[in-house]
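Enquirer: sequence unavailable; structure follows:
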């Protein structure tokens, strides 16, 4: 009797330990209780898989016009005046015949560097009776209104502007510039009961730029707790409405601007989840908070780079590198603070993250991590 009791006791202890371990992992998978060390291990394993499976080839369809150290040395410190940016756009479209231009920069404040504002103040004040001064100012206004020059350069061109949803408490105090029209209204968002990242403010472009560009997209990255950028919100919320990312806006422009449709899956059991965004004939997988995993093309340099100063001065040695291409205007210069930590490299240009996403969208090569994977993990 004592021997049978010992066997039962021993097996009961094993069963208890097994059930405890099982419960430990089920609670973590379902996010009822999360253990940071497991998340850290999963992230490290994911990073290894990304490095082992990324194409590691150069995608020449997307070219980065780089505001690099050379450009800053030749043109001057950033931000450049809007006349320079207008000239850059004109060169890209008129001289190098690009297809689409995505701007990984934002123009939220007026450009007063030409002195036009001060001249107008003089014309309305101390020199309002100086006829000769007023005549000269009238002839110079068009040339000195740098914002108007930039707006004119954007007109009737396939240009996608970028803008930001500031992160943190400071975002609550920011409402600069103008947002583009949302891709989903408050009513649509409420109908589908969507979960998404919500912003308290925005840094958009001046209204005249927004009015003349084709479309605009946010360039928000959402680092994981370890500071590594692994995913991007395809749709970001503000005041109950949803706005698309820069990469999605550029890809839609290339596809001919098809409407975004929501791939919401529901079942009789009560399962309800947004699993993909339908854009034309492509389904873009999304997971929690309408985010998608970044399909990294490779290490830095996986897309052709052309210095912005080379474009401005018509010194691009091989013009064919830009012809009919998707171009992203961004920066790799350390002083302009657009370098990110990623699974690929610890210091990685943010503009290449956008490029990798666009490349993945073009090739229908976005990794899937749907919400129903939680059920599968629990079952396993």
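Expert: All right, it came through fine. As the structure is a prediction and not an experimental result, all values here were calculated from the model.
Enquirer: correct me, but residue 159 touches residue 210?
Expert: No: with contact defined as C-beta atoms under 8 Å, residue 159 and residue 210 do not form a contacting pair (10.8 Å). C-betas here are computed from N, CA, C, even on glycine.
Enquirer: tell me which of these two has more neighbours.
Expert: residue 159 (25 against 21; other C-beta atoms under 10 Å).
Enquirer: spit out the contact partners of that one.
Expert: 89, 100, 101, 103, 213, 214 (C-beta atoms under 8 Å, 6 or more residues apart in numbering).
Enquirer: what is the neighbour count of the second one?
Expert: When counting by other C-beta under 10 Å, one arrives at 21 neighbours for residue 100.
Enquirer: for it, give me the pLDDT.
Expert: Note on residue 100: pLDDT of 98.
Enquirer: show me what it is bridged to.
Expert: On the basis of DSSP bridges, residue 100 is bridged to residue 326.
Enquirer: how far away is it from residue 322?
Expert: From residue 100 over to residue 322 the distance is 12 Å, taken as C-beta to C-beta, to the nearest Å.
Enquirer: show me where pLDDT drops low in the protein?
Expert: Within the chain, the segments meeting pLDDT under 70 span 1-10, 21, 23-35, 37, 168-172, 267-271, 369-380.
Enquirer: let's go with 80 and repeat that
Expert: Low-confidence segments of the chain, defined by pLDDT under 80: 1-39, 133, 167-173, 266-272, 368-380.
Enquirer: pick out the residue nearest the middle of it.
Expert: residue 219 (3.0 Å; C-alpha atoms, centre = their mean).
Enquirer: and the contacts of residue 159 as a markdown table, adding distance to residue 133?
Expert: Shown next, in a markdown table, are those (distance: C-beta to C-beta, whole Å):
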| residue | distance to residue 133 |
| --- | --- |
| 89 | 32 |
| 100 | 44 |
| 101 | 39 |
| 103 | 37 |
| 213 | 35 |
| 214 | 40 |
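Enquirer: what count of nearby residues applies to the residue lying closest to residue 113 once chain neighbours are set aside?
Expert: Once flanking residues are discounted, residue 113 sits nearest to residue 81: 4.5 Å by C-beta to C-beta, 6 or more residues apart in numbering. Around residue 81 there are 18 other residues, counting by other C-beta under 10 Å.
Enquirer: so what's residue 81 up against?
Expert: By C-beta under 8 Å, 6+ apart, the contact list for residue 81 reads 111, 113, 114, 146.
Enquirer: just the helices from the stretch 101-250 of the chain, written as ranges.
Expert: 116-124, 131-144, 146-154, 186-192, 207-212, 246-255 (DSSP state H, counting those that start in this stretch).
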